[in-house]
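>>> Here is a sequence with its predicted model. Questions after.
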Amino acid sequence: MSVVDKINKDRLPNHIAIIMDGNGRWAKQRGTQRIFGHRNGVSSVRSAIEASAELGVKFLTLYAFSTENWNRPKIEIDALMGLLINTINTETETLLKNNISLKTIGDSDSLPKAVQKKLNEVIQKTSECNGLTVILALSYSSRWEITNAVKCIMNDFSKGKIKPENIDEDTFSKYLNTSGIPDPELMIRTSGEFRISNFLMWQLAYTELYFTPVLWPDFNKEELYKAIVDFQKRERRFGKISEQL
Ligand code: IPE
Ligand code: IPE
Ligand code: MG
């Protein structure tokens, strides 16, 4: 029985989030430059998107560049931004053909203008697609997102649009970049690191976490299936006891 056959199609996670980590180590193992790892990571992105679309997962969030990643050497940042533009250029048609829409979360104003332009184009072009939604986290960090939400709430408060007594978890969620997107049920991190690295800290409150030693460029459909099978074995209690479920 192959791994995909072990997946219960009736209990698929609606939203999967992935911290795509390990490109640099993958390249280093091969005695090459880090950017070689990032380039090879693109095919893993394609596999994760394809597998999610084929299974019928509705949302796939990919952590592609964190706020903290701006502290990397400029040469690596420039290469990553270039790779992002190239990948959008080559993949837009495939997204459209497969009814996949693209969105971003993060501080898009801080991205280079050329990247912003490309992203806006593809977001606009795929806006009518209603199959899988791919959410790229770019210049994203949870603390930035939450701080930004507080600023927006304060701004609305000063205009008399919101009252403190009306702020609950749902209202607060609407001020996050992920407004309207359900919380992930499954979060995967590759490369054997056991941390969240400022990713979706509000949204992951009850998410099942899956860590694999596989480096991102080696991540393929089979690895995604394995994570889903593992997820489906878990009992999600949300504070209750087993007998209540
Ligand atoms: C993840 O791979 C990609 C980005 C953060 C952009 P890394 O570049 O972090 O790879 P490692 O962790 O150094 O191996
Ligand atoms: C997290 O990976 C960010 C992305 C995958 C985009 P990092 O490699 O930047 O995380 P840390 O710094 O090791 O925690
Ligand atoms: Mg890393």
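Nice, I can see it. Just so we're clear, the structure is a prediction, and the values are computed from it rather than from any experiment. Ligands and ions are numbered 1, 2, ... in the order given.

>>> What count of nearby residues applies to whichever residue of the chain sits closest to ligand 2?
Closest residue of the chain to ligand 2, Cβ to the nearest ligand atom: residue 197 (3.6 Å). Heads up, the C-betas are built off the backbone N, CA and C, glycines and all. Neighbours of residue 197 under the rule other Cβ atoms under 10 Å: 14.

>>> so it, which of the three states?
coil (DSSP: H, G, I helix; E, B strand; the rest coil).

>>> residue contacts, it?
19, 21, 63, 66, 68 (Cβ atoms under 8 Å, 6 or more residues apart in numbering).

>>> model confidence over stretch 193-211, on average?
Per-residue pLDDT over stretch 193-211 has a mean of 98.

>>> which parts of that stretch are buried?
Of the residues in stretch 193-211, those buried by neighbour count under the rule 16 or more other Cβ atoms under 10 Å are 198, 199, 200, 203, 204, 207, 208, 210, 211.

>>> mind checking which helix or strand residue 229 is in?
Using DSSP states H and E, residue 229 maps to helix 221-232.

>>> hmm, which two among the buried residues of stretch 193-211 are most spread apart?
198 and 208 (19.4 Å; Cβ to Cβ).

>>> Quick check, residue 209 in contact with residue 187.
Yes: using Cβ atoms under 8 Å, residue 209 is in contact with residue 187, at 5.2 Å.

>>> May I see the buried residues of the helix holding residue 229?
In helix 221-232, counting by 16+ other Cβ under 10 Å, buried: 221, 223, 224, 225, 226, 227, 228, 231, 232.

>>> Next, count neighbours for the spatially closest residue to the second one that is not a sequence neighbour.
Here the nearest residue to residue 223 in space, its sequence neighbours aside, is residue 214; by Cβ to Cβ, 6 or more residues apart in numbering that works out to 5.5 Å. When neighbours are counted by other Cβ under 10 Å, residue 214 registers 20.

>>> residues in contact with residue 214?
Residue 214 makes contacts with 22, 190, 191, 223, as judged by Cβ under 8 Å, 6+ apart.

>>> Quick check: which of those residues are also close to ligand 1?
Within the set of the contacts of residue 214, contact with ligand 1 (Cβ under 6 Å from any ligand atom) is found for 22, 191.

>>> Do a quick rundown of the helices in the protein.
Here the chain has its helices, by DSSP state H, at 23-29, 34-55, 74-97, 113-125, 142-158, 169-174, 221-232.
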